[in-house]
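>>> structure for this input, please:
(chains A and B)
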Amino acid sequence: MSKKYDAIVIGGGHNGLINAAYLAKAGKDVLVLEKRHVLGGAAVSEEIYPGFTFSVCSYVVSLFRPHIIRDLNLAKHGYDIIPMDASFQPLPEGDLGLCRWGDSARSRREIARFSKKDAEVYGEFSKVMTHMARLAKEVIDNPAPDVASINPKELSALLRMGKVFKNLGPELLQMNTKLLTMSSADFLDLWFESEVLKGPMAVSGIIGTFLGVRSPGTAYVLLHHYMGELDGAFRSWGFSKGGTGGVSNACASAAKSFGAEIKTKIDVAHVKIEQGKATGVVLANGDEIDSKIVVSNLDPNRTYLKMIGEDNLAPEITREIRRFKLRGSSAKVNFALNGVPNFCKKRDGLEFMKGDIAIVPNIDYAEKAYDQAKYGEFSERPYINIVVPSLTDPTLAPPGKHVMSCFVQYAPYNIKEGPEHWPKLADKFGDTVQNTIKEFVPDIDSLVEHRQVVTPWDLQETFGLTEGNIFQGELTLEQLLFQRPISGYAKYKTPVDNLWMSGSGTHPGGGIMGSGGELSAKSILREKVI
Amino acid sequence: MPIQTPFHPRTSELNSNLDWKDWGGYFAANSYNVVNDFEYYAFRHSAGLVDITPLFKYKVTGKDASLFLSRLIVKDIAKLKLNQATYCCWCDDKGMVIDDGTVMRFGEDDYFVTAADPSYSWFSRFVKNLDVHIEDITDSYCGLALQGPTSRDILKLVCDADLDRLKFFWTTSAKGDGFEFKISRTGYTGDLGYELWTENKNALKLFDAVWSAGQDYNIRMSGIAALDIARIEAGLLMNGVDYHSSLHALIPEQMSTPYELGLGWTVNLERESFMGQRALKEEKKNGSRWATVGIDINWPDLERLYYNHGLPPHWETGAWRHSVPIYHRRHLSKQIGYATSGTWSPVLKKNIAIATIEIEHAKPGTEVNFEVMVEHQRKTVRATVGKPQFFNPDRKRSILENSIP
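Model (predicted):
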């Protein structure tokens, strides 16, 4: 192979594809290398059982940045999101449960069954979160300014961010501080009294982190899930048509239309480094491909310790990257069903099930689930976030049949038997999830045709997410902004010249957002390194 | 998904237009007929009947009920006499209006409060250690507004109450045939009219009694569309249209004080502390940002614009509720305010609007330019600032003196 590319992107996840698309759009010669046979990384659709298409890992879309859709013309390439209207929380003992709807009066009546006050405060809470999310938008749509730098550019970026904060006014600024420091349970206590309502709201703060709803710092993650934006409207989540792989495929199609090359089933062993500079990649089969720059879309751990290698890193960098917390805490169980899993037969119709279904009857339930995880066990009664996307998008399953995606927390990577024992525990874990669901869907066993258990070990081994962390690194304050992944290298650069990063493990990180890929590509282009 | 009011079995039968909208989570008829002018004319010439159940309704009781409401509301509610009612608004601690509504005193320690928005949570914050109990009776009590010149005559046939002497903004208990209800001489039309309140179980009895008594008096079902025309003529504001509750507004520019809304007359400033008092005192001293005014839109100007296109003048039938820019009299590039709702007034034969205008341009008589869209082109016509209350007939407050026994 004699051809030398401008850039090689390692990893065909959505961020890698977006990165490649932006670079290719700017006229660069780009090659994307994906280890698996299918593109998308964790935003992937796969027909695991004939006729049943699973969003194997990530399953809903909301945070995807609207300007990326415009810049890359993604709608033309098949980016298609179907909004979700409802958010249902089944409750034990045949209760009607709690369903929150787009119709605010309807939600008010639903919540009023548990607390009249909460029902009305709900709107006030949304108002504050709208303000907070606006602020967050400013933060996520720009590279993180470096607080340690006196470079005028950094200072002006800081100043701009400071201005946004200042414009919030004192009350909202105080709220922002609370949001950054409190636990999601405490933060919600500022508004609400019903443990039932707080349950599904609080768990937004723990998704993908190895923390509990009562752990300080989780309120911020709550915001991360509150600032969803679809078609310019805040706070709406949706299904990608054909599964979340649809987003990745649209990104890939856009990248190709700009001239990028994409190859699957190519296993990169490490980055080729000559005199401290990245000059290409070395494949597992020994082949080498040369390029002016390399972009790693892998998580910080893999990028630093595997792609670069300890030999090429200063010891303090190695130490810091080892301290970067990945601590996977969740798993996925995907079901192929021969009928509708009805989570509340007392309710009319199935509209209440067309959004997400959260099994978390109250705050204590969520915290208890964490208790077990702290000591290396998966939760006996886990928090489960369920979607049945085939109710909304019938292309995902044969007529009358359904796919049910279950995001399950806690399933700690560091299980006490050792993470490598996860494959042996997978069935037991799958049973736990199915039994938890059985409390609400008594006939679940007879509905199940197939069951796919994706343990943290699988997330690592198959999807390349170290320790099975779905965000390529926890979204806790000390690992965000100018400290994501580590201070000094938060602007998509690494200690190796011409080696860049673009994944979720970079600022702003997490969710099908695309910002890492976009902001990284823009930084590369701005520096004119290619 | 809205739910049905207890009157729905009747109103749905009468709604030939199937034109429903969501009002506070209830189905509310926007209009009952394709041609709905008559629903408005009923308010002015006979009687229009409106299902007002979706209003949020609260029963406030307890030894400290008067004190509680006086702390919450900008008006000194403790001064309200037995059976008296009052229009009022309540604010946050910055003096920004949260909602407006009516308070009625049914007993020494027994109040009835109506509101446009859900208010249980807000009210509850002020209970503290007072002896007061708030009951949300929104879903257990229903209401009908009977508004128009013949409303008194109709109501007399329905119950035993002394309506000839019931004054504007007073209430009374009444007995119908097998049911009890409350009557308040209040309404949202600026006309002679009453609002009738009862428990849901009496809903259909009350409705049937009023409806059959009204047949000789040209009673009509009136929808929200007709009500909107009448309330704009009467200069009555609507939460969410002419102003925004400070609990929902995102920025200070979207919030208003009672003075800015022209509700200064409802503020009793010099008394024991109440919510928003400090800020309102400041405002009284330093002045307001803007005022809520009535706008009289020049019709000949509009006629001329259409004439230039070879067209007769055309204007929306019915009321409108969208923001329309208002410009300085001389400097057309200088926006000095915006209209929030308006209507052609059939009774005044005028084109009117309710508007928010910067305080220095808000003096009655000020000439302004009002934006209109004529044949897809933005133009302006002259308009005059005035008080919001355009229509205020004597019969609204009249009592029948000679009926005193």
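>>> alpha carbons only for contacts and neighbour counts from here, please
OK.
>>> can you count the residues close to B:Lys201?
The number of residues packed near B:Lys201 is 13, by other CA atoms under 10 Å in any protein chain shown.
>>> show me what contacts it?
With contacts taken as CA atoms under 8 Å, 6 or more residues apart in numbering or on different chains, B:Lys201 has no neighbouring residues.
>>> same question, the one 5 residues further on
For B:Leu206, the contacting residues are B:Gly176, B:Phe179, taking CA under 8 Å, 6+ apart as the criterion.
>>> where does it land in three-state SS?
helix (DSSP: H, G, I helix; E, B strand; the rest coil).
>>> just the pLDDT for it.
With respect to pLDDT, B:Leu206 has a value of 98.
>>> around chain A, which positions in the stretch 201-350 of chain B sit nearby?
B:Leu247, B:His248, B:Leu250 (CA under 8 Å from any CA of the partner chain).
>>> please report phi then psi for the second one.
Spelled out, it's B:His248. Here the main-chain torsion angles of B:His248 (degrees, to the nearest 10) amount to phi -110, psi -30.
>>> what's the next secondary structure element after the helix or strand B:Asp296 falls within?
With elements taken from DSSP states H and E, the one containing B:Asp296 is strand B:290-297. Following strand B:290-297 in sequence order, the next helix or strand is helix B:299-308 (DSSP H and E).
>>> so how far is that next one from its chain's centroid?
Here the centre of helix B:299-308 is set off from its chain's centre by 32 Å, with CA atoms, centre = their mean, to the nearest Å.
>>> list the buried ones in it?
Along helix B:299-308, these residues count as buried under the neighbour rule (16 or more other CA atoms under 10 Å in any protein chain shown): B:Trp299, B:Leu302, B:Glu303, B:Leu305, B:Tyr306.
>>> which neighbouring elements make contact with that helix?
For helix B:299-308, the elements it packs on are strand B:377-386, judged by 3 or more CA pairs under 8 Å, 6 or more residues apart in numbering or on different chains; DSSP states H and E.
>>> how about the strand it packs on: buried residues?
For strand B:377-386, using 16+ other CA under 10 Å, the buried residues are B:Thr380, B:Val381, B:Arg382, B:Ala383, B:Thr384, B:Val385, B:Gly386.
>>> on that earlier part again, filter the residues of the stretch 201-350 of chain B next to chain A to the buried ones?
When these are checked against 16+ other CA under 10 Å, the ones flagged as buried are B:Leu247, B:His248.
>>> so what's B:Ile404 scoring on pLDDT?
We have a pLDDT of 50 for B:Ile404.
>>> let me redo that: A:Ile48
Value listed for A:Ile48 in the pLDDT field: 96.
>>> doesn't it lie inside a helix?
No. Checked against three-state DSSP, A:Ile48 lies outside a helix; its state is strand.
>>> burial measure for it, as a count.
When counting by other CA under 10 Å, one arrives at 16 neighbours for A:Ile48.
>>> residues in contact with it?
The neighbours of A:Ile48, taking CA under 8 Å, 6+ apart as the test, are A:Phe54.
>>> got it, and the one 3 residues further on?
Listed by CA under 8 Å, 6+ apart, the contact set of A:Gly51 reads A:Leu396, A:Ala397, A:Pro398.
>>> can we see that at 10 Å?
Residues in contact with A:Gly51, defined by CA atoms under 10 Å, 6 or more residues apart in numbering or on different chains, are A:Ala336, A:Thr395, A:Leu396, A:Ala397, A:Pro398, A:Pro399, A:Lys401, A:His402, A:Val403.
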